[in-house]
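*Asks:* Below are the sequence and a predicted model; questions follow.
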Amino acid sequence: METNSAKSSQKSISGITIIPVFKETLKAKSHKNYPKSIGEQFHMLLESGDFSGEIGEQAVSYISADDVKAKVVFIGLGSAADFNDVHALHTGGYIGAILRDCKNKEVRIILEDKQEPFTLPFFTGMMLNTYKIDKLKSASKTSAHTDELPSSLTFDTGEKWLSQEKLYANFEKATVISNSVSVVKDLVNQPSNLVDMDYFTDTAKAIAKENGYKFSIIGESQLRQEGWGGLLAVNQGAESEPRCLVLEYKGGKADEKPIALVGKGVLFDTGGYNLKPTNFIETMHYDMAGAATVMGVFTALKKFNIKKNVVGIMPLAENLISGKAYRPSDIITMLSGKTVEITNTDAEGRLLLADAVTHAHKYKPTQIFTMATLTGAVVAALGDRYTGIMGNDSSIQVKLQRLGEKVDENVWSFPMPKHYVKKMESKVADLRNFDIDTGRYAGTIKAAGFIEYFVNETPWCHMDIAGTAFTKDPQPYQTIGATGHGVRLLLEYLSE
């Protein structure tokens with residue numbers, strides 16, 4: 001990345017030039033911060049009616065003049081008074097798509113003074129959309145965790161910029177955010193024959209080594225010794241050994257209790273004997289997105305020097321079918337000592353989370369977050385743009401809602417009436433993992449209600465990312481497939 005002042009932008013420009021522009025700038029009589037031929041192009045676009053600068057609008061010109069010999073892409077920003085962080089994120093996404101598919105290695109982006117407050121979301125959107133999903137194609141030259149920018153990427157800025165250092169800092173911060181999200185995307189997008197127990201473990205180990213985190217693995221023998229009945233039951237039908245990975249970041253005071261991030265890690269979910277049907281089972285390698293989100297957050301914690309202690313707990317299993325697999329009607333004993341009647345083998349994620357939450361209590365956390373692709377019901381309710389959140393502390397939910405609007409990772413709070421939560425109680429055990437009586441109703445709330453029985457009094461928020469972790473209808477800064485939804489939101493939350 002290079003940056004130039006307005007004066008250097010008057011030099012001859014070649015390659016591809018991208019110009020995000022406010023309507024007011026487009027209509028201005030003078031364009032002294034732009035090369036002369038660009039200013040002339042502004043007037044031509046307005047007169048032709050082909051481009052008015054509305055938000056997201058694009059126009060392409062090919063200019064051959066003394067000061068510019070380039071393909072020029074104009075991107076409308078709308079009115080400066082209405083522009084916000086989400087608009088900047090989307091605009092960056094439009095540019096990222098150009099960079100991702102760009103065959104020209106020399107790209108110049110001309111920014112103006114009024115865009116300075118939005119450079120972080122702008123760069124973030126741009127970097128996020130350089131992600132390539134075709135990394136496993138034999139012809140692909142892009143390896144996992146590597147999303148290439150053009151070899152020459154230059155930013156020209158106006159004369160009144162407050163700080164070139166701030167521009168660099170925001171670019172570097174956006175790069176960290178993008179890389180953290182890409183960790184999640186790579187884990188979730190790749191199939192389970194590649195992202196198996198060892199691959200996931202090695203990724204966590206590499207993140208720990210790079211950042212100096214404490215890393216531990218609770219293996220099968222220890223799980224059995226301690227009594228992780230939920231995790232062990234879900235993995236009974238698999239050949240691979242279950243485990244729970246734990247990452248610990250010490251950014252706060254030595255005696256400060258941590259915030260616990262607990263992520264569901266079902267590396268493939270057939271549904272067990274309550275088998276998932278065609279058109280649903282094919283994407284079930286993404287059922288570990290909750291655990292992957294924890295990994296994404298930990299990729300950035302040290303780099304952002306976040307002043308909190310954080311523990312990440314990732315229970316890993318495969319919900320497969322075999323003669324050893326757990327069955328509907330089984331009764332298991334959880335790590336907490338509670339007994340659970342299995343009424344649906346496809347309600348497995350809550351069993352992993354319940355055991356992991358019980359383990360989290362050993363750290364005496366100030367807050368617990370559970371993240372999981374937990375229910376299809378949340379997709380029916382909120383689609384792929386909102387994460388459903390629930391819990392026992394409304395202040396956490398209010399804060400997440402505010403920050404979600406800022407970073408465009410939106411959440412929506414669900415109520416948790418006791419009537420629904422009590423539906424998870426069983427006649428033959430303490431609890432049941434699925435309400436088979438009125439199971440079609442309030443499925444998202446009941447799933448979280450099951451987890452609540454293991455939370456005790458600790459402030460807790462559950463994030464059901466079943467709709468938002470994966471998309472076929474991406475936002476301008478997203479690509480199809482995994483989204484990494486939740487990483488940017490949690491980093492924002494932990495940074496405050």
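*Replies:* Good, I have the coordinates.

*Asks:* Residue 102 in helix, strand or coil?
*Replies:* coil (DSSP: H, G, I helix; E, B strand; the rest coil).

*Asks:* Buried residues, stretch 48-58. List them.
*Replies:* For stretch 48-58, burial by neighbour count (16 or more other CB atoms under 10 Å) applies to 51, 53, 55, 57. (Glycine included, C-beta is placed from N, CA and C.)

*Asks:* what about it, start to end distance?
*Replies:* Terminal residues of stretch 48-58 are spaced 14 Å apart (CA to CA, to the nearest Å).

*Asks:* For it, which outside residues touch it?
*Replies:* 21-23, 25-27, 45-46, 59, 73-78, 83, 87, 90-91, 94, 476 (CB atoms under 8 Å, 6 or more residues apart in numbering).

*Asks:* how about a cut-off of 10 Å?
*Replies:* Contact with stretch 48-58 is made by 18, 20-27, 41-42, 44-46, 59-61, 73-79, 82-83, 87, 90-91, 93-94, 98, 476, as judged by CB atoms under 10 Å, 6 or more residues apart in numbering.

*Asks:* could you give the mean pLDDT of that stretch?
*Replies:* In this model, stretch 48-58 has an average pLDDT of 93.

*Asks:* now stretch 219-238
*Replies:* Averaged over stretch 219-238, pLDDT sits at 98.

*Asks:* mind checking the SS state of residue 249?
*Replies:* Of the three states, residue 249 takes strand according to three-state DSSP.

*Asks:* ok so, going back, got a ChimeraX select line for the buried ones in the contacts of stretch 48-58?
*Replies:* This is how ChimeraX selects the buried members of the contacts of stretch 48-58, with burial counted by 16+ other CB under 10 Å:
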select :18,20,21,22,23,25,26,41,42,45,59,61,73,74,75,76,77,78,83,87,90,91,93,94,98,476
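
*Asks:* Could you list which of the contacts of stretch 48-58 belong to helices?
*Replies:* 23-27, 41-42, 44-46, 87, 90-91, 93-94, 98 (DSSP state H).

*Asks:* which one of the residues you listed is nearest residue 220?
*Replies:* Residue 220 lies nearest to residue 93 out of these, by CB to CB, at 42.8 Å.

*Asks:* ok, the closest one touching residue 476?
*Replies:* Yes: counting by CB atoms under 10 Å, residue 476 is a contact partner of residue 93 at 3.5 Å.

*Asks:* Overlap of the contact sets of the two?
*Replies:* 56, 125, 128-129, 408.

*Asks:* following the lengthiest strand in the chain, which helix or strand shows up next?
*Replies:* When the chain is parsed with DSSP state E, its longest strand is strand 309-319. Next along the chain after strand 309-319, taking DSSP states H and E as the criterion, comes strand 331-333.

*Asks:* The helix or strand just after that next one pairs with which strands, parallel or anti?
*Replies:* Remark: after strand 331-333, the chain's next helix or strand is strand 339-341, criterion DSSP H and E. Next to strand 339-341 in the sheet, as set by DSSP bridges, lie strand 331-333 (antiparallel), strand 431-432 (parallel).

*Asks:* quick one on the thing from earlier: and which of the shared contacts of residue 93 and residue 476 is nearest residue 231?
*Replies:* Of all those, residue 128 has the smallest distance to residue 231: 32.7 Å, by CB to CB.

*Asks:* one step back: now the longest strand of the chain: buried residues?
*Replies:* 309-319.

*Asks:* can you list these in CSV and add distance to residue 261 and pLDDT?
*Replies:* Compiled in CSV, those are given as follows (distance: CB to CB, whole Å; pLDDT from 0 to 100):
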residue, distance to residue 261, pLDDT
309, 12, 98
310, 6, 98
311, 7, 99
312, 5, 98
313, 7, 99
314, 9, 99
315, 12, 99
316, 15, 98
317, 18, 98
318, 22, 98
319, 22, 98
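
*Asks:* Just name the closest of those to residue 267, please.
*Replies:* The shortest approach to residue 267 among the buried residues of strand 309-319 belongs to residue 318, at 5.2 Å (CB to CB).

*Asks:* So which bits of the longest helix along the chain are buried?
*Replies:* Counting by DSSP H, the longest helix found in the chain is helix 164-189. Buried residues in helix 164-189, counting neighbours by 16+ other CB under 10 Å, are found at 167, 170-171, 173-189.

*Asks:* re earlier: out of the strands paired with strand 339-341, which is the most enclosed?
*Replies:* strand 431-432 (a mean of 21; mean count of other CB atoms under 10 Å).

*Asks:* next one: phi and psi at the nearest residue to residue 209 once chain neighbours are set aside?
*Replies:* Spatially, and ignoring its direct neighbours in sequence, residue 209 is nearest to residue 215 (7.8 Å; CB to CB, 6 or more residues apart in numbering). In terms of degrees, to the nearest 10, the main-chain angles of residue 215 are phi -130, psi 130.

*Asks:* before we move on, what about residue 293?
*Replies:* The phi/psi pair for residue 293 (degrees, to the nearest 10) reads phi -60, psi -40.

*Asks:* quick one: contacts for it?
*Replies:* 180-181, 183-184, 187-188, 261, 263-264, 312, 314, 369, 371-373, 463, 465, 469, 484-487, 489-490 are the contacts of residue 293 under CB under 10 Å, 6+ apart.

*Asks:* just residue 310 next, same as before
*Replies:* Counting by CB under 10 Å, 6+ apart, residue 310 touches 213, 247-252, 258-261, 294, 297-298, 301, 365, 369, 490, 494.

*Asks:* how does it look with 6 Å?
*Replies:* Going by CB atoms under 6 Å, 6 or more residues apart in numbering, residue 310 touches 249, 258-259.

*Asks:* Nearest to residue 333 among these?
*Replies:* Proximity of the contacts of residue 310 to residue 333 (CB to CB) peaks at residue 258, which lies at 27.4 Å.

*Asks:* Kindly state the beta-bridge partners for the closest residue to the closest one other than its chain neighbours.
*Replies:* Among residues not flanking residue 258 along the chain, residue 309 sits closest, at 3.9 Å (CB to CB, 6+ apart). Per DSSP bridges, the residues bridged to residue 309 are residue 250.

*Asks:* Okay, helices next: where are they in the stretch 151-300 of the chain?
*Replies:* 164-189, 197-211, 220-226, 229-234, 289-301 (DSSP state H, counting those that start in this stretch).

*Asks:* With respect to residue 241, which of those lies nearest?
*Replies:* helix 220-226 (4.3 Å).

*Asks:* Name the residues of the closest one that come out as buried.
*Replies:* Buried residues in helix 220-226, counted by 16+ other CB under 10 Å: residue 223.

*Asks:* Return the distance of it from the chain's centre.
*Replies:* 31 Å (CA atoms, centre = their mean, to the nearest Å).

*Asks:* mind checking which helix or strand the residue with the largest distance to the centre of the chain is in?
*Replies:* Farthest-out residue of the chain from its mean C-alpha position, per CA atoms, centre = their mean: residue 66, at 44.5 Å. Of the helices and strands defined by DSSP H and E, none includes residue 66.

*Asks:* I'd like to know the phi and psi angles of it, please.
*Replies:* The phi/psi pair for residue 66 (degrees, to the nearest 10) reads phi -60, psi -40.

*Asks:* ok, now residue 56?
*Replies:* The phi and psi torsions at residue 56 (degrees, to the nearest 10) take the values phi 90, psi -10.

*Asks:* hmm, back to that, I'd like to know which of the helices of the stretch 151-300 of the chain is closest to residue 357.
*Replies:* That would be, of these and by CB to CB, helix 229-234, which comes in at 10.1 Å.

*Asks:* Now do the closest one: which elements does it pack against?
*Replies:* strand 309-319, strand 331-333, helix 349-360 (3 or more CB pairs under 6 Å, 6 or more residues apart in numbering; DSSP states H and E).
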